[in-house]
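A.B. asks: return atomic coordinates for the entry below.
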Amino acid sequence: MSNLASLFNTGLSGLNTASTALSVTGHNTANVNTAGYTRQSVQITSLGGTHIAGTGFVGTGSAVNGVVRSYSSFLTTQLNGAQSTTASLAAQKDQVSQIDSLLAGSDIDLGTQMTGFFSAVSSVANTPSDTAARQSLLSSAASLTTQFRSAADYLNNISSSVNGEIGGAVEQVNAYASQIAKLNKQITDLSAANPSQQPNDLLDQRDALVNQLSQLVNTKVVVQDGGQYNVFIGSGQTLVLGNQATSLKVTTATDDPTATAISFVNQNGTASEISDGLLTGGKLGGLIGFRDGTLTTVQNSVGRLAISLSQALNQQQRLGIDLSGAPGNNLFTTAAPVSFSNARNTGDLSVTGSISNSSALTTSDYRMTVSTAAGGALQYSVTRLSDSASVVSNASSLPLSFDGVTLGAASGTAQSGDTFLIKPTATGAAGMNTMLTDPADVAAASPVVGGTGTSNLGTGTLTGLKVDSAYLAAPVTSTITLTYSSTGNAVSGFPATQPVTVTAPDGTVANYAAGASVPFSANSTYSVGGMSFRLAGAPTNGDTFTIKPNTSGVSDGSNVLAMAALQTAKIVGGGTATFSTAYGQLVSLVGNAANSLEISYTAQSTLASQIQTQQQSVSGVNQDEETANLLMYQQMYQANAKVIQTASSMFDAILAAF
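C.D. replies: Residues are numbered from 1 along each chain as shown. Reported below is the predicted structural model:
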C-alpha cells in the first residue's frame, strides 16, 4: 500500500509541476509583444528518492524550485547605453536639421540679401545724384536688416523650443525616478517575504523604466544588496538611492539670466544647479549639447556677421558726405556686447562692453574671473569658452581688450571669486536696424577731392584719393597745395602738423617728419592726416597738386564706391573672410554638422538594433519555442495524470481483492 501511495504522490507532484510550467509558458505567450517583458522559465528539481528495503531508492517525483527570468545584466546595460547615445544623436540631428534648412533655404537667405544690398550700393556709385538709386539702397538695407532680425527670431524660437523640450524631459526623468524608487521598495518587501522567489514582472517593470530613463539621460545602475537599484545620471549625480528619489528642476542659470539650467532639488527643497557639461547622453543630453554647441555657435556667427557688416559700412558712411555736404551718419545700428554678473557674485561690479575691432571678433562667448593677487589686489582674467583659451591673464585693472572687444567697469566693485559671462555677438543680428530714411543722407561723396594745377606742364597726376578713420580727427577745411620741385626731386606743401608715410610699389615704407619736403616717387602711395593718394607720371618743376574739401559732391560717388568694395574685402574672422565667404562657411559648418549627425545616428541606430537583437535572443519570447514547450508540458501533464489514474486503478484492484 505504501508503494501505491508513493506512486500516487509522485504522479501528483508531476501534475503540479506540469501545471505550473504550463502557466508560466502561457504567461510568456500572452506577453510575446509586451515591451520590456523578459521570458520566464520554471526551475524543476527532483524530490529525491525513498529507500525501500531490498529494492533501493525509489524516486518521489518533482517540484518547481522557482520561476526565473532569462536575463542578461551585461546585455541590458549595453542596450541602455547604446539607446542613450542614439537618443542623444537623434535629438541633435533633428534640431541641427532645422537650422540647416533655415540657412540653406530660400526663406531667410542672408547671402542673397547681402548680394542684393551691395548691388544697390554699386548702383548709387554709378549714379550718385539719382534719388531713386539712393532710395533703392535704403530699401535694400532695410530688407537686409529685416532678414538678419528674422534669422535671429528663428534661432531664438528654436532656443525657446529646446528649453521647453528640456523642461518636458526633466519632468519625465522625475516621473521615472519616482516609479523606480517605488518599485525598489515593492521588490525589496516581496523578496524579504519570499527570499527564494523573485517578483519577475516587477523586475521587468523596473528594468523597462531604467531603459526609458536612459533614453532621456546617460544612466548608470548599481545593484545594492537586496536587489535595489541605485541610479546615477550624467557624470555620477545620484537620482535614485534605494526607495528615495531625487527630483530635478528647470531653473534660471546663475551666470546667464536669459538661459535655463537644470538643478537637483535637495531634501530641504534647495535647488543646486548642475553644470550643463555634466548631463550627457539621452534626449536631455542631446538637447543641452545642441543648445550650448551648434545653436550658440550659429547665433554668434550670424550676430558677428551683422556686427561686422554694420560696423564696416557705418565707418565708410561716416567717411563720406551726403547731398547737403554734411558728414555721413551711421547707416545701421550695431549691437553692443552683452555681459551678465553671476548670481552668486558677492561684489556689485557691473561691466559693460564695446566692439573695438569687428574684424577680430570670434563666434565664442567669454568668462571673466576675478581673483586675488599675491599682494591682495584684485586681478582679472578672461577665458574664451569655445576652446578654453586664456585671452587675458591676471590683469590688474579694467578695461580689458581681447578678440575685438573692450570690457570696462560700469559701476560697483568686484570681489574675489566673482565671475561674469560676456557674449560679444549673441544679439548682433537681433540688434541690427536701418537708421537712415532720407535718400539724401547717403554719404556717397568723398569729403575731399584731388586734382592737378591748371598750369602744370608735366604729366604728373594725383589719383586714388581716399580717407580713413584718422581723417575724422582733423578734416581738411582749406585747400592743400603740393608743389613739385625738380631740385631734389621732392614734393612740398604737406600739412605742417602731420607726418607723411610713403609706400613704394614694392611695399617699401618710408616715414617723413611733418612739414618736410618728401621725395617724389612715381606710383608710390602717400599717406598724411588720414588721407592717402598716389602720385604718378613725370611732373616738371613748379607743377602743383591740390587736395581740398568737396563742396559739390552731388555727382561724386567715390565714397559709396568704397562701400561697394567692402563686398570683396576680407574683414571677417581676423581678416580671413569676406561677408559672403563667412556666411558660406557658416552654411557649410551647419550642413556638415547635419550630415555628420545623420551618419552617426544611422550607425548608432544599427548598433543599438544589433544589441537589442542579442538581448532579445536571450530575454525575448520566441513563439515557436513557447508552442513547443506548451506541447511538452501538456504531454507531461497528461502522462502524470495517467500515473495517478494507474495508481488509483491499482488501489481499486487491491480493495476488490479483499
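A.B. asks: just how off-centre is stretch 314-333 within its chain?
C.D. replies: 38 Å (C-alpha atoms, centre = their mean, to the nearest Å).
A.B. asks: doesn't residue 151 lie inside a strand?
C.D. replies: No. Going by DSSP: H, G, I helix; E, B strand; the rest coil, the assignment for residue 151 is helix, not a strand.
A.B. asks: measure it to residue 583 for me?
C.D. replies: In this view, residue 151 and residue 583 are 10 Å apart by C-beta to C-beta, to the nearest Å. All C-beta atoms are positioned from the backbone trio N, CA, C, and that covers glycine.
A.B. asks: same check on residue 19?
C.D. replies: 75 Å.
A.B. asks: and residue 151 and residue 583? Which one has more around it.
C.D. replies: A count of neighbours by other C-beta atoms under 10 Å puts residue 151 above the other of residue 151 and residue 583, at 26 against 23.
A.B. asks: what's the end-to-end length of stretch 426-445?
C.D. replies: Its start and end residues considered, stretch 426-445 measures 34 Å (C-alpha to C-alpha, to the nearest Å).
A.B. asks: OK, contacts around the nearest residue to residue 556 once chain neighbours are set aside?
C.D. replies: Among residues not flanking residue 556 along the chain, residue 445 sits closest, at 3.7 Å (C-beta to C-beta, 6 or more residues apart in numbering). Applying C-beta atoms under 8 Å, 6 or more residues apart in numbering to residue 445 gives the contacts 128, 320, 321, 322, 550, 553, 554, 556, 557, 558, 559, 560.
A.B. asks: go with 10 Å
C.D. replies: Neighbouring residues of residue 445 by C-beta atoms under 10 Å, 6 or more residues apart in numbering: 128-129, 320-323, 325, 328, 550-560.
A.B. asks: select only the buried ones of these in PyMOL?
C.D. replies: The PyMOL selection below is limited to those of those classed as buried (16 or more other C-beta atoms under 10 Å):
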select buried, resi 128+320+321+322+323+328+550+553+556+557+558+559+560
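A.B. asks: roughly how far does the residue nearest to residue 556 sit from residue 466?
C.D. replies: 12 Å.
A.B. asks: and residue 84, by the same measure?
C.D. replies: Distance from residue 84 to residue 466, by C-beta to C-beta: 60 Å.
A.B. asks: what of residue 478?
C.D. replies: 19 Å.
A.B. asks: can you list the domain ranges for the protein.
C.D. replies: Segmentation of the chain into domains, based on automatic domain parsing, reads 2-60+620-657, 76-291+578-611, 336-423, 448-549.
A.B. asks: quick revisit: which neighbours do residue 445 and residue 466 share?
C.D. replies: In contact with both residue 445 and residue 466: 558, 559, using C-beta under 10 Å, 6+ apart.
A.B. asks: ok, back up a step: show me which of residue 478 and residue 466 is the more surrounded one.
C.D. replies: residue 466 (18 against 8).
A.B. asks: what's the span of stretch 20-39, first residue to last?
C.D. replies: 15 Å.
A.B. asks: what's the average pLDDT for that stretch?
C.D. replies: In this model, stretch 20-39 has an average pLDDT of 90.
A.B. asks: buried residues, it. List them.
C.D. replies: 20, 21, 22, 24, 25, 27, 28, 31, 36, 37, 38, 39.
A.B. asks: before we move on, what about stretch 240-259?
C.D. replies: Buried, per 16+ other C-beta under 10 Å, within stretch 240-259: 240-241, 243, 245-250, 253-256, 259.
A.B. asks: turn these into a markdown table, columns for secondary structure.
C.D. replies: Formatted as a markdown table, the buried residues of stretch 240-259 follow (three-state DSSP):
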| residue | secondary structure |
| --- | --- |
| 240 | strand |
| 241 | strand |
| 243 | coil |
| 245 | strand |
| 246 | coil |
| 247 | strand |
| 248 | strand |
| 249 | strand |
| 250 | strand |
| 253 | coil |
| 254 | coil |
| 255 | coil |
| 256 | coil |
| 259 | coil |
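A.B. asks: check those and tell me the two furthest apart.
C.D. replies: Across the buried residues of stretch 240-259, no pair lies farther apart than 243 and 256, at 36.5 Å, counting by C-beta to C-beta.
A.B. asks: residue 248 reaches residue 266, doesn't it?
C.D. replies: No. Between residue 248 and residue 266 there is no contact under C-beta atoms under 10 Å: 11.6 Å.
A.B. asks: and for residue 458, the neighbour number?
C.D. replies: By other C-beta under 10 Å, neighbour count at residue 458 equals 16.
A.B. asks: for the helix or strand hosting residue 44, C-alpha coordinates in CSV please.
C.D. replies: Assessed by DSSP states H and E, residue 44 sits inside strand 40-46. Extracted in CSV, the C-alpha atoms of strand 40-46 (Å, rounded to 0.1, in the frame of the first residue of the first chain):
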residue,chain,number,x,y,z
GLN,A,40,10.4,33.4,-17.7
SER,A,41,11.1,29.7,-17.2
VAL,A,42,10.5,27.2,-14.4
GLN,A,43,13.2,25.6,-12.5
ILE,A,44,12.2,21.9,-11.9
THR,A,45,14.0,19.8,-9.4
SER,A,46,13.7,16.2,-8.3
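A.B. asks: list the buried residues in it.
C.D. replies: Buried residues in strand 40-46, defined by neighbour count with 16+ other C-beta under 10 Å: 40, 42, 44.
A.B. asks: which strands or helices does it pack on?
C.D. replies: helix 2-30, strand 62-69, helix 200-214, helix 623-657 (3 or more C-beta pairs under 10 Å, 6 or more residues apart in numbering; DSSP states H and E).
A.B. asks: continuing past the third one, what's the next helix or strand?
C.D. replies: By that I understand helix 200-214. Once helix 200-214 ends, the next helix or strand along the chain (criterion: DSSP H and E) is strand 219-223.
A.B. asks: show me how far the following helix or strand past that following strand is from its chain's centre.
C.D. replies: As assigned by DSSP H and E, the chain's next helix or strand after strand 219-223 is strand 229-233. Here the centre of strand 229-233 is set off from its chain's centre by 27 Å, with C-alpha atoms, centre = their mean.
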